[in-house]
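Novice: Generate coordinates for the sequence data below:
(one chain, ligands or ions: 1)
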Amino acid sequence: MEPARMKRLLAALSLAVALLLSGKAMAQQQAMLDEAFRAAQKTFERALPGMGETQFGVDIDDYGNALLAKRFTSSHWKGAVTLKTEMGDGKGSCSRFAAFVRIPPNQGVVTLVLCPQFFTKGADALRELTILHEMVHVVAGPDECRAMALAALIQQRATGKFTPVDGYWTASGCEGGRFKLP
Ligand SMILES: [Zn+2]
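Specialist: Next up is the predicted model:
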């Protein structure tokens with residue numbers, strides 16, 4: 001085979017391999033995301049009995065619908081909201097966070113962006129907590145203290161303990177505020 005043809009063939013082959021690998025990586029990430037949602041849903045369902053209609057100002061029905069069905073009629077945003085997920089590329093907000101949400105809703109859609117850091121190997125528990133936390137932003141806006149407090153309360157009610165968030169709690173100025181950790 002002449003060198004130029006050989007080169008083109010090799011280029012085409014390596015592109016095919018790259019596409020295959022990235023397809024596989026995407027499927028793996030989707031599976032990890034689905035698993036994180038399943039774990040968060042289970043924890044929420046365990047926490048739910050006896051919870052009030054609102055908790056820390058978050059409508060618990062909205063929260064449950066967002067987490068379980070990815071759609072809810074929002075008392076906070078006033079209207080029907082669909083939750084979409086998107087894989088982030090590590091730039092912008094992804095350089096600081098494992099995940100973040102695009103709020104307020106744009107044409108009835110709130111987007112949850114999962115950053116490369118979210119898919120760290122062995123971080124199953126952290127992924128679940130991230131979903132519980134981000135879902136507060138999805139239904140009730142950007143307050144960090146509220147998101148940490150409700151996620152911790154849900155964990156506490158479901159399992160009797162919660163993931164320590166002291167550093168981030170202090171850094172976010174939540175101490176002495178209106179929200180409390182369990
Ligand atoms: Zn947050």
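Novice: Show me what secondary structure element comes after the worst-scoring helix or strand of the chain on mean pLDDT.
Specialist: Ranked by mean pLDDT, DSSP states H and E, the weakest helix or strand in the chain is helix 3-47, scoring a mean of 90. Using DSSP states H and E, the next helix or strand after helix 3-47 towards the C-terminus is strand 54-55.
Novice: what pLDDT, on average, does the next helix or strand after that following strand get?
Specialist: As assigned by DSSP H and E, the chain's next helix or strand after strand 54-55 is strand 58-59. Averaged across strand 58-59, pLDDT comes to 97.
Novice: How far does strand 58-59 sit from its chain's centre?
Specialist: With Cα atoms, centre = their mean, to the nearest Å as the basis, strand 58-59 stands 18 Å off its chain's centre.
Novice: contact partners of the helix or strand following that strand?
Specialist: Heading C-terminal from strand 58-59, the first helix or strand you meet, by DSSP H and E, is helix 60-69. With Cβ atoms under 8 Å, 6 or more residues apart in numbering as the test, helix 60-69 has contacts from 37, 40-41, 44, 48, 51-54, 71-76, 81, 83, 131-132, 135-136, 138-140, 150. Every C-beta, even on glycine, is put in place using the N, C-alpha and C of the backbone.
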